[in-house]
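Q: Need coordinates for the below:
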Amino acid sequence: VKITLIIYLFTVTLKLITCFIEDIKMEIAPENVTNAMVNKKIAYVDMDHTLCDFSASYLKYKTDFPEVEYPHSVPGFSAAGTDANSIKVYQWLESLSNVNLYILSSKSLLLHGEEAWVEEHLGLDAAYKLIISPNKGLNLGHYLIDDYIGKGQENFEGQLLQFESSEYPVWKSIRRFFEL
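A: As a prediction, this is how the structure comes out:
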């Protein structure tokens, strides 16, 4: 009786596992991926001089501590300057159903400071989407919003929206691009 019960339980368990595996296969099958997931565009936003005012923080630190040659290498230095428009447009972009938004920065010395700034001004979810890369051209995506060209931006496969350029001088022009 015990052996029969063990065989029965083993058979039932095996059937349940088989059903579970079949359900998973159905969920991840390409034909079952929703259109919303397929149609989402990947957009990256730079931090320094784009989302936050690095220059203001840098100059203030240099004024307060003139002996420090590279303030951004000091633990605790934060690009604390903010632009209310950058925060508003970032949050608006984040709310769009057809955009996956990430923050892409090339500063490796400021990892803790950048993460703290993002969490404070944009929230924990945005901090989880912070990417540090020395070459922004290695990232795959559709759009890169950045003020600078020279750290791989020129090799980015998607469209570079150069912030503070004649085409995209302010955050309002970035928003207008995504509204079209």
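Q: my guess is Ile87 is in a helix, correct?
A: Yes: under DSSP: H, G, I helix; E, B strand; the rest coil, Ile87 sits within a helix.
Q: so who does it touch?
A: Contacts of Ile87 were listed using Cβ atoms under 8 Å, 6 or more residues apart in numbering, and they are 51, 121-122. All C-beta spots, glycine's among them, are computed from the backbone N, C-alpha and C.
Q: Which of those residues ranks first by neighbour count?
A: The most crowded member of the contacts of Ile87, judged by other Cβ atoms under 10 Å, is Leu51 (28 neighbours).
Q: Okay, now the unreliable bits of the chain?
A: 1, 12, 16, 18-38, 75-81, 107-112 (pLDDT under 70).
Q: Give me the residue at the spatial middle of it.
A: For the chain, the residue nearest the mean C-alpha position is Tyr102 (1.6 Å; Cα atoms, centre = their mean).
Q: ok, so of the contacts of Ile87, who is nearest Ile6?
A: Distance to Ile6 across the contacts of Ile87 (Cβ to Cβ) is lowest for Leu122, with 55.5 Å.
Q: Would you agree Ile174 is in contact with Trp92?
A: No: using Cβ atoms under 8 Å, Ile174 is not in contact with Trp92; the gap is 9.7 Å.
Q: Which strand residues bridge the residue nearest to the centre of the chain?
A: For Tyr102, the beta-bridge partners under DSSP bridges are Tyr44.
Q: show me where this protein has strands.
A: 41-45, 52-53, 81-82, 99-105, 130-132, 143-146, 159-162 (DSSP state E).
Q: Quick one: closest of these to Tyr61.
A: That would be strand 81-82 among the strands of the chain, by Cβ to Cβ, at 10.8 Å.
Q: For stretch 147-157, list every residue counted as buried.
A: Neighbour counts over stretch 147-157 (16 or more other Cβ atoms under 10 Å) mark 147, 151-153, 156 as buried.
Q: and the residue lying closest to Asp83 once chain neighbours are set aside, bridged to which residues?
A: Taking Cβ to Cβ, 6 or more residues apart in numbering, and ignoring the residues beside it in sequence, Asp83 has Asp53 as its nearest neighbour in space, at 6.0 Å. Going by DSSP bridges, Asp53 is paired in beta bridges with Gly81.
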